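Visitor: I would like the atomic coordinates for the input below:
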Amino acid sequence: MKKLLLLTTVLVLAACGGVKKTQEALNTGNYGAAMNKAIKNLAENKTKKGHQEYILLLEEAFAKNTAREQQEISFLQNDGNPANLETIYNKYLQLKQIQQRIRPLLPLYINDEGRTANFKFVNYDNQILNTKDDLSEHLYQNALNLLASAKYKTDYRNAYEDLKYLQEINPGYRETVSKMDEAYNKGLEFVRVDIANQTQQIIPERLESELLDFNAFGIDNFWLQYHTNPLANVKYDYAMNLDFMEINVSPERINETQVIKERQIKDGWEYLLGREGNVVKDSLGNKIKIDKMRTVTCKLFQFTQTKTAQIGAKISFTDLRNGQVINSYPLSSEFLFEHIFANYQGDKRALEDDLVLYLNAREVPFPSNEQMVYDAGEDLKLRLKSIVSKYQFN
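Guide: Coordinates of the predicted model:
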């Protein structure tokens, strides 16, 4: 019983809290939030007794919101500034949308007053269509003016954004699509990518190809294109240079170490003898047996094959319009080839299990210098990708 009373109390308090927050939103002029809260609760159960206040709050918030929005629309229309058309258009859309959200809830009956809630709906379709036409022409002409007078790439990008929005609200309007293509192509920034080898080593062709595969870098920049094969008809804005400063490959080495291992092992059994040399027996008269232990020795010849490769490089970004280097970053990478094998003399039972594994291995061919440099370049690719994918030119 106590649990039931507690649950009832919690539900009542929660309901009161929801109404209170809705009332606060209404009192502070946040009519949108008030309507959202009321609609949400009424959509769950519009006939619930505890939801009566939401009906009154929704009725009041809707009326005040409609009056305020219509007043603001009238003011913006009287101002006569075409820049206000987008705001006017969106206000009409919002007024229509809130009516569409309330309509499925109707009728809403107010029990205490014996009446249905009053919502004065207006058909805004003509206003929406007329404003959309005016806004479309404004956006189109503004974009054309930007394209005609553009001095900077940002001007083309602004024109593109206007045209993109126009295409969203009024698809196929005049020559919007072709003008979008023009704005995009003129707003693009191009980066020329060059690789230079300042070392005496040959860069593996496969490594160079993968370093230049910018499609695999996941670059997410709508207005930037990297060209690893520069085009003659493109005026490049920036250059990205990857300079290999040093490539070092060590000689092939085989180091030998010798280790002597000893271990006590079980070698049969014997009877336990007492102090006087007599066989010890247990309580039942049975002779006691114990393990016979002996020491075995093994000499391990361990061979370690090693070869290393290091790459030192630098990536730099240059503004080709003024020749200034914007940023540069050092890059380094290393790869170690290591292989261990072994043989032995003596009793291999003296060896630990991890050393026995080396006995099963044999000497292997060393990787070529080209393969070593390529393997060292794996980490270099990751570092390069990290820099390029995050780099912002402006």
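Visitor: Let's see the strand or helix carrying Arg157 as CSV, backbone CA atoms only.
Guide: For Arg157, the host element (DSSP states H and E) is helix 153-169. Taking C-alpha atoms only, helix 153-169 is exported to CSV below (Å, rounded to 0.1, in the frame of the first residue of the first chain):
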residue,chain,number,x,y,z
LYS,A,153,37.1,32.2,-54.2
THR,A,154,34.9,32.9,-51.1
ASP,A,155,32.6,34.9,-53.4
TYR,A,156,32.0,31.9,-55.6
ARG,A,157,31.4,29.8,-52.6
ASN,A,158,28.8,32.2,-51.2
ALA,A,159,27.1,32.1,-54.6
TYR,A,160,27.1,28.4,-54.5
GLU,A,161,25.5,28.3,-51.0
ASP,A,162,22.7,30.6,-52.3
LEU,A,163,22.1,28.4,-55.3
LYS,A,164,22.3,25.2,-53.2
TYR,A,165,19.5,26.6,-50.9
LEU,A,166,17.5,27.7,-54.0
GLN,A,167,17.8,24.2,-55.4
GLU,A,168,16.5,22.8,-52.1
ILE,A,169,13.4,25.0,-51.9
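Visitor: what mean pLDDT does it have?
Guide: Averaging pLDDT along helix 153-169 gives 97.
Visitor: moving C-terminal of it, what's the next helix or strand?
Guide: Taking DSSP H and E as the definition, the helix or strand right after helix 153-169 is helix 176-187.
Visitor: who's in contact with Asp134?
Guide: Pro82, Leu85 (CB atoms under 8 Å, 6 or more residues apart in numbering). In this view, the C-beta of every residue, glycine as well, is placed from N, C-alpha and C.
Visitor: Quick one: end-to-end length of stretch 313-325, please.
Guide: Stretch 313-325 has an end-to-end distance of 16 Å (CA to CA, to the nearest Å).
Visitor: Ok, stretch 109-118 next?
Guide: End-to-end for stretch 109-118, by CA to CA: 10 Å.
Visitor: Could I get the buried residue list for that stretch?
Guide: For stretch 109-118, a neighbour-count test (16 or more other CB atoms under 10 Å) marks Ala117 as buried.
Visitor: what do you get for stretch 76-91?
Guide: Leu76, Asn84, Leu85, Glu86, Ile88, Tyr89, Lys91.
Visitor: With pLDDT, secondary structure and distance to Ile340 as added columns, please give those in CSV.
Guide: CSV is the format used below for those (pLDDT from 0 to 100; DSSP: H, G, I helix; E, B strand; the rest coil; distance: CB to CB, whole Å):
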residue, pLDDT, secondary structure, distance to Ile340
Leu76, 97, helix, 80
Asn84, 97, helix, 77
Leu85, 98, helix, 76
Glu86, 97, helix, 71
Ile88, 98, helix, 78
Tyr89, 98, helix, 74
Lys91, 98, helix, 76
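Visitor: Return the member of these nearest to Pro367.
Guide: Using CB to CB, Glu86 is the member of the buried residues of stretch 76-91 that lies nearest Pro367, at 63.2 Å.
Visitor: quick one: the helices in the stretch 1-150 of the chain?
Guide: 2-27, 31-44, 52-79, 85-102, 125-149 (DSSP state H, counting those that start in this stretch).
Visitor: can you tell me which of these comes nearest to Leu359?
Guide: Per CB to CB, nearest to Leu359 of these: helix 2-27, 71.6 Å.
Visitor: Pop the domain breakdown of the chain in here.
Guide: If you go by automatic domain parsing, the domain ranges for the chain are 2-122, 131-187, 191-247.
Visitor: quick check, distance from stretch 340-354 to the centre of its chain.
Guide: Computed by CA atoms, centre = their mean, to the nearest Å, the chain-centroid distance of stretch 340-354 equals 50 Å.
Visitor: Name the residues of that stretch that come out as buried.
Guide: Quick answer for stretch 340-354 (16+ other CB under 10 Å): Phe341, Ala342, Tyr344, Asp347, Ala350, Leu351.
Visitor: ok, and the closest non-adjacent residue to the second one?
Guide: Translated: Ala342. Tyr358 (3.8 Å; CB to CB, 6 or more residues apart in numbering).
Visitor: Quick check: that neighbour touching Gln302?
Guide: Yes - the pair Tyr358 / Gln302 is scored as a contact, 6.3 Å apart, by CB atoms under 8 Å.
Visitor: Name the residues contacting each of the two.
Guide: Ile340, Ala342.
Visitor: re earlier: and the buried residues of stretch 340-354 as CSV, adding pLDDT, distance to Ser316 and secondary structure?
Guide: Below are the buried residues of stretch 340-354 laid out as CSV (pLDDT from 0 to 100; distance: CB to CB, whole Å; DSSP: H, G, I helix; E, B strand; the rest coil):
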residue, pLDDT, distance to Ser316, secondary structure
Phe341, 96, 44, strand
Ala342, 95, 48, strand
Tyr344, 94, 54, strand
Asp347, 90, 62, coil
Ala350, 90, 59, helix
Leu351, 89, 54, coil
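Visitor: Closest one of those residues to Thr66?
Guide: Phe341 (85.7 Å).
Visitor: Give the burial count for the closest residue to the closest one other than its chain neighbours, as a bare number.
Guide: Distances taken as CB to CB, 6+ apart place Ala361 nearest to Phe341, at 3.9 Å, with adjacent residues excluded. For Ala361, the neighbour count with other CB atoms under 10 Å is 13.
Visitor: low pLDDT regions in the stretch 151-300 of the chain?
Guide: Counting by pLDDT under 70, not a single residue of the stretch 151-300 of the chain qualifies.
Visitor: Work out for me the element Gln258 sits within.
Guide: strand 253-271.
Visitor: List the buried residues of that strand.
Guide: Lys261.
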